[in-house]
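> model this:
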Amino acid sequence: MSVLIKSDKVEKKFGSFQAVKSLDLVIKQGECFGLLGPNGAGKSTFIGLLYGTSLRTSGDLKVFGLDPSSSSHQIKKRLGVVTQDNALDESLTVFENLNLYCGFIGIEYGQRKKKIQDLLEYMNLSHKIDAKILSLSGGMKRRLVFVRALLNDPELLILDEPTTGLDPAVRHLLWGKVKELHKKGTTIMLTTHYMHEAEVLCDRLVIMDQGEIKAEGSPQKLIQNYGSGFVAIFASLIKEDLQSALTHFSDLSFKEESSGLYVRGPKLENLFLLQEKLKVSAMQIRPTNLEDVFLNHTGQGLSDDA
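Purely as a prediction, here's the structure:
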């Protein structure tokens, strides 16, 4: 696979604040690549660098082999972006919004109607072609932003928190569409706060914090390398009682977090034995997941921007 994005020691400073620090990254054609991190980690800043809305301070960056600092116009022609904000004109209809956008990106007038109709059908929105944006639900507006991002048949699709605030049904519908696009060969970059979304969609991902990459790999590899096997979460439990019980289990460890006491270990049976010793049932017992890896690398504390 050819390299679509290559970042070599890329840095971005805003005055004395360093938003991106010496970022090394390679994204290959056809991948679905995740960019995860808490608010303020540098994800959106890096995305801005990719299509030239912001200029890097130092380092080398190539997208489609082009430098966004000097070739942003050529790069934008080849990518689609599902932005965090819908940015739709609510006084216009669905068709009028999309037709206007077609003009911005240079789609010939005679080709617009069929392209719009086909994509609306693809996103289960064809029945809303003449509806005012104001009348659409939040999920419909989000799907419409997907339609807009696909109008130029992008080689690279950037999804910046595409399903935030959506109900599970719409989220799963969009996951299905992303998987279809990925299967057809579209390269996808995804930022999300939903760890399960990253597990479901991404071939590879990085976890960023404070402008730096803290971990990189496939979701499965990251869970395998940084996970502990299984997790039990206790809500109503005295910490001293847990510490006393844990002296009988050399392979279990615990951490007090804002949502409860988390006990981790490689053997599921020992977590059940711990419950028996405590005479308290865990709120949840589950395998280690990507969220555990994420919290391990970024911590529990809220950033100033959270």
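> Please save the CA atoms from stretch 223-241 in CSV.
Only the C-alpha atoms of stretch 223-241 are listed here, as CSV (Å, rounded to 0.1, in the frame of the first residue of the first chain):
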residue,chain,number,x,y,z
ILE,A,223,-5.5,-4.1,24.4
GLN,A,224,-3.2,-7.2,24.3
ASN,A,225,0.0,-5.2,25.0
TYR,A,226,-1.4,-2.7,27.6
GLY,A,227,-4.4,-4.5,29.1
SER,A,228,-4.5,-6.7,32.1
GLY,A,229,-7.0,-9.3,31.1
PHE,A,230,-10.1,-8.5,33.1
VAL,A,231,-11.6,-5.7,35.1
ALA,A,232,-14.1,-5.7,38.1
ILE,A,233,-15.7,-2.4,39.0
PHE,A,234,-17.0,-1.9,42.5
ALA,A,235,-19.2,1.0,43.4
SER,A,236,-20.3,0.8,47.1
LEU,A,237,-17.1,-0.6,48.7
ILE,A,238,-14.8,0.7,51.4
LYS,A,239,-11.3,1.0,50.0
GLU,A,240,-9.6,-0.4,53.1
ASP,A,241,-11.8,-3.6,52.9
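> Tell me the buried residues in stretch 46-58?
46-52, 54, 56 (16 or more other C-beta atoms under 10 Å). (Glycine included, C-beta is placed from N, CA and C.)
> Between those residues, which sits nearest L190?
For the buried residues of stretch 46-58, the closest approach to L190 (C-beta to C-beta) belongs to I47, at 10.6 Å.
> Contact partners for the closest one?
I47 sits next to 35, 158, 160, 189, 191 when contact means C-beta atoms under 8 Å, 6 or more residues apart in numbering.
> pretty sure K177 contacts N124?
No - using C-beta atoms under 8 Å, K177 is not in contact with N124, being 9.2 Å away.
> Next, show the common contact partners of these two.
Counting by C-beta under 8 Å, 6+ apart, nothing touches both K177 and N124.
> does the closest residue in space to L273 that isn't next to it in sequence sit in a helix, a strand or a coil?
Closest residue to L273 apart from its sequence neighbours, by C-beta to C-beta, 6 or more residues apart in numbering: F249 at 7.5 Å. Of the three states, F249 takes coil under DSSP: H, G, I helix; E, B strand; the rest coil.
> residues contacting F249?
Contacts of F249 by C-beta under 8 Å, 6+ apart are 265, 270, 273-274.
> Among the residues you listed, give me the pair with the biggest separation.
Taking C-beta to C-beta, no two of the contacts of F249 sit farther apart than G265 and L273, at 10.3 Å.
> who's more crowded, the two?
Counted by other C-beta atoms under 10 Å, G265 and L273 do not tie: G265 has more neighbours, with 22 against 15.
> picking that back up, next step: the contacts of I47 restricted to strands.
35, 158, 160, 189, 191 (DSSP state E).
> Do I have it right that the last one meets E161?
Same thing as T191. Yes - the criterion here is C-beta under 8 Å, and T191 meets it with E161 at 5.7 Å.
> Which one of these two is surrounded by more residues?
The neighbour comparison of T191 against E161 (other C-beta under 10 Å) goes to T191, with 23 against 18.
> Tally up the residues packed near the nearest residue in space to T164 that is not next to it in sequence, please.
Leaving aside its sequence neighbours, T164 sits nearest to H193 (C-beta to C-beta, 6+ apart; 6.8 Å). H193 has 14 neighbouring residues, counting by other C-beta under 10 Å.
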